[in-house]
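>>> coords please:
(chains A, B, C and D)
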Number of protein chains: 2
Amino acid sequence: MPVPARRAPAGERVDPNQDALVSLIELLFFAYREFTGEPDTVLAQFGFGRAHHRVLHFVHRRPGLRVADLLDILKITKQSLARVLKQLVDRGFIVQRAGASDRRERRLFLTPAGTQLAQKLLGLQIARIEDALAHAEPEAAPAVRAFLLGMIGPQERAAVEAVIAAPRALEATSGKVQR
Amino acid sequence: MPVPARRAPAGERVDPNQDALVSLIELLFFAYREFTGEPDTVLAQFGFGRAHHRVLHFVHRRPGLRVADLLDILKITKQSLARVLKQLVDRGFIVQRAGASDRRERRLFLTPAGTQLAQKLLGLQIARIEDALAHAEPEAAPAVRAFLLGMIGPQERAAVEAVIAAPRALEATSGKVQR
DNA sequence: CAGATTAGTCAACATGACTGACATAAATTC
DNA sequence: GAATTTATGTCAGTCATGTTGACTAATCTG
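Here you go, the predicted model:
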């Protein structure tokens, strides 16, 4: 089994840090796959996918969210959102109520079933994050947070910080449940 | 615009850490989206997608990789891999050569065009990682690495560590270029 | 009232996953 | 040497989730 030594081609002079950075890139890929894998399994039992998870999550965190807010956060088209949102409404995980001050708006809320599923999924991901932090030094959390935020690029960063800030309840609604 | 104070429903007593953990979960989502967005734009100019990127990346890092190795790393079916791999071969970004000791194997290598594209994509992601590390404390890198590795779960962790370890050249080949 | 905004819908399409079945060549085992 | 296993490739169909473009309906605002 001949394993010739690797000979760096001329001009391929590499930064000694390079390998460490590349392994971070690969870790991000593998970590993200693990991160989504467990919830995906649970969602599949309900006939849902990752797209449903995202909607459940953000409605759970920000009850009373408008459809337009969700489109902003998820950066998908309204047609893509409409498909999964309709399924979540039809199957009783989300309700829509008209906004109090602007009745064109559809404020989104989780039903008890929706809350239960969202919490279950969140619990899985929280446990994984806790494990990961425990695997690092105890003071890793702020470093990880700064790193992830730094991944986002100055343009988007403020918007993301606004989204991840601890949510308050949004505008009250007219109470009229749609459909 | 009435904004009633959020009233925690009875029994929803939350861990004060909870919000910090949830925001890490959301940051992971946003950071990963940013992380893949820039390469996706470049790939689209070639008519390629994220699946092609993964193949290019791992063949770049581990020249001489077998198809079976790639399936192990990516955890997709051979039918899924075959589609993107065929496109990369047909368009001259990857060549396959029979293994020297086992001629059933198709060892994968990048052509010069493949190397150029892989390096371009890698450069974008390295720059982003460097920015993110610069945004955190200088000593954040090991903490981030430990965190991401901790996300992976003890079962898979060893396999991932083997993949991300600095690659050596793999087995020499018969030199016969396939197709 | 006119125009802008919020939301929903219909139709068609692309990507990248999946399953299941089968084919071929080469290596390994009996 | 024949039979089996292994590595790879291929055909066919399905599904989830994204896209564009065009259009409707209700409601708010100047």
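>>> Using CSV, write out every CA atom in the helix or strand harbouring residue A:109.
Element membership for residue A:109 (DSSP states H and E) is strand A:106-110. Extracted C-alpha coordinates of strand A:106-110, given in CSV (Å, rounded to 0.1, in the frame of the first residue of the first chain):
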residue,chain,number,x,y,z
ARG,A,106,-52.5,38.1,10.3
ARG,A,107,-50.9,37.8,13.7
LEU,A,108,-49.5,34.3,14.2
PHE,A,109,-49.9,32.3,17.5
LEU,A,110,-49.2,28.7,18.5
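>>> quick one: the residue in chain A that DNA strand C sits nearest to from residue A:36, how far?
At 2.9 Å from DNA strand C, residue A:68 is the closest residue in chain A, using CB to the nearest atom of the strand. C-beta: built from backbone N, CA, C; applies to glycine. As defined by CB to CB, to the nearest Å, residue A:68 lies at a distance of 26 Å from residue A:36.
>>> higher neighbour count, the two?
In this view residue A:68 and residue A:36 are compared by other CB atoms under 10 Å in any protein chain shown, and residue A:36 has more residues nearby, 17 against 11.
>>> got the contact list for that one?
residue A:50 (CB atoms under 8 Å, 6 or more residues apart in numbering or on different chains).
>>> Let me see the contact set for residue A:54.
Taking CB under 8 Å, 6+ apart as the definition, contacts of residue A:54 comprise A:74, B:29.
>>> name the element it belongs to?
Assigned by DSSP H and E, residue A:54 falls in helix A:50-61.
>>> Return the set of buried residues in that helix.
A:51, A:52, A:53, A:54, A:55, A:56, A:57, A:58, A:59, A:60, A:61 (16 or more other CB atoms under 10 Å in any protein chain shown).
>>> likewise stretch A:89-105?
Buried residues in stretch A:89-105 (16+ other CB under 10 Å): A:89, A:93, A:94, A:95, A:96, A:97, A:98, A:99, A:100, A:105.
>>> before we move on, what SS does the residue of chain A closest to DNA strand C have?
The three-state label given to residue A:68 by DSSP: H, G, I helix; E, B strand; the rest coil is helix.
>>> Just want the most central residue of chain A.
The C-alpha lying nearest the average C-alpha coordinate of chain A belongs to residue A:54 (CA atoms, centre = their mean; 5.6 Å).
>>> how much space between that one and residue B:26?
10 Å.
>>> swap in residue A:61?
Residue A:61 is 8 Å from residue B:26, by CB to CB.
>>> And for residue A:70?
14 Å.
>>> of all of chain A, which residue lies closest to DNA strand D?
Counting by CB to the nearest atom of the strand, chain A gets nearest to DNA strand D through residue A:49 (1.7 Å).
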